[in-house]
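**Student:** Let me see the structure of the following:
(2 chains)
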Amino acid sequence: MKKIYLIALLGFLGGGLPAQTNVPATPPTSRPPTRINSDHGEFDLSSRRAIYYDHVRVEDPRMTLTCDRLTADLPQSEAQERHIVAETNVVIYAVDEKGQTNHATCDRAIYDYRVEAGATNETVTLTGHAMMESAQGTLTGEPIFWDRTRNRLTATDQKMVFRQNVSPAAIHTNSAPDPAPASPVRTGTEIDSNSVTPP
Amino acid sequence: MKRPRNSLLPIAGTLLAAGFLAGAGPAQNGVTGRAGNFSSAEYFAPPHPLQMKSRLSGAEARPVSGGLLVIQELKLETFNTNGLVEVIVTAPDCIYDTQAGVARSAGHLRLETGDGTSHIEGDGFLWRQDSSLLTISNNVRTVIKTPAEIKTGL
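**Tutor:** Here you go, the predicted model:
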């Protein structure tokens, strides 16, 4: 099974951060709260676990997510971990630092946030018909692993479709760009796992 | 985890202390009258039998048929084994089944975590005391604050 490593292929996080194993935790900055709305909910007050059902909508300063079911652990005051699972008809809209709206869909998305030894790790794993789309192109894979801390996408069994005005060389892979024009039946250049070499 | 105590017992004790049962008028379905400042506590099983697990209180409790209590200005607090407040649930009113340890209401509910990081609101709820499960039926709205907001009181 081949994987591809892309540095912000779809521009989900805009400007990007240096590629490090992890990034030192930054002091908290003021930003709007995260809001979760749904039709119904069930809450285990012992474990602080919340399950939201039907028309679930999460509004975060950096993204909006909708799904049919979402499981989240309500954070402790000095929480070093956060684990959220969105399931069924998952749709994510994220605005990057350039103001571009990016779009992802899948059957299941798992968000993990963790601070270990002073370093922050924040990831989203998309599985089940996973697809990410931006102005630059479309990526499908199973799964798509989105490292929000390092601004990196990793996809297994991926397929990419680039829009015509975007050079494949701009994505920082080791593969040579395809000089041939895109097929008339396609809207962009398509690359599968056999044509891209991981760095 | 099973309840170490029957939730009815502390209720009865509280109601007695409030003069609820003493000197009551003609009985209807066994109980009548009202009680102010009612509360019911549940405790952890060993090794923390002296630590309160949850406390359900109200400004007023009125018994109705079937062992039910109509509670006004409900306040439900849950605690961890260190005695710190985990969550505080408030509602204008609810019906509390003393036998089953279940509280329910079609009205509004607000839940706030003890550390102030999150709050949840909704309409209509069911609270199962033995499992600590709270079901909100409609219009669930959750706000999770960032650490900076908590520190600045936003």
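**Student:** Please name the strands paired to the helix or strand B:Gly122 falls within in the sheet, noting orientation.
**Tutor:** Assigned by DSSP states H and E, B:Gly122 belongs to strand B:118-128. When pairing is defined by DSSP bridges, strand B:118-128 lines up against strand B:102-113 (antiparallel), strand B:133-144 (antiparallel).
**Student:** for stretch A:119-135, what is the average pLDDT?
**Tutor:** Average pLDDT, stretch A:119-135: 90.
**Student:** If you could redo that for stretch B:79-94, that was the one I meant.
**Tutor:** 92.
**Student:** List the buried residues of that stretch.
**Tutor:** Of all the residues in stretch B:79-94, those buried under the rule 16 or more other C-beta atoms under 10 Å in any protein chain shown are B:79, B:86-89, B:91, B:93-94. For glycine as for every other residue, the C-beta is placed from the backbone atoms N, C-alpha and C.
**Student:** hang on, the earlier thing: in JSON lines: the strands paired with strand B:118-128, plus mean neighbour count.
**Tutor:** Below are these laid out as JSON lines (neighbours: other C-beta atoms under 10 Å in any protein chain shown):
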{"stretch": "strand B:102-113", "mean neighbour count": "19"}
{"stretch": "strand B:133-144", "mean neighbour count": "20"}
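**Student:** Need those strands in CSV (columns: mean pLDDT).
**Tutor:** Output for the strands paired with strand B:118-128, formatted as CSV (pLDDT from 0 to 100):
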stretch, mean pLDDT
strand B:102-113, 94
strand B:133-144, 95
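**Student:** and the residue nearest to A:Arg82 when sequence neighbours are not counted, what element?
**Tutor:** Among residues not flanking A:Arg82 along the chain, A:Tyr113 sits closest, at 4.0 Å (C-beta to C-beta, 6 or more residues apart in numbering or on different chains). Assigned by DSSP H and E, A:Tyr113 belongs to strand A:101-116.
**Student:** Repeat that for B:Pro49.
**Tutor:** Going by DSSP H and E, B:Pro49 is not in any helix or strand.
**Student:** thinking again about what came up before, the strands paired with strand B:118-128: which one's closest to A:Val95?
**Tutor:** Nearest to A:Val95, of all the strands paired with strand B:118-128, is strand B:133-144, at 19.4 Å by C-beta to C-beta.
**Student:** Listing request: residues of chain B with sub-threshold pLDDT.
**Tutor:** Scanning chain B for pLDDT under 70 picks out B:1-34, B:146-154.
**Student:** Could you rerun that using 50?
**Tutor:** B:1-32, B:148-154 (pLDDT under 50).
**Student:** Which parts of it are helices?
**Tutor:** For chain B, the helices defined by DSSP state H cover B:8-17, B:147-152.
**Student:** Bridged to the nearest residue to B:Asp97 once chain neighbours are set aside, which residues?
**Tutor:** What sits nearest to B:Asp97 in space, not counting adjacent residues and going by C-beta to C-beta, 6+ apart, is B:Leu68, at 5.6 Å. Judged by DSSP bridges, the bridge partners of B:Leu68 are B:Val64, B:Asp97.
**Student:** what about B:Leu68, neighbour count?
**Tutor:** As a burial measure, B:Leu68 scores 19 neighbours (other C-beta atoms under 10 Å in any protein chain shown).
**Student:** what's near enough to touch it?
**Tutor:** Neighbouring residues of B:Leu68 by C-beta atoms under 8 Å, 6 or more residues apart in numbering or on different chains: B:95-98.
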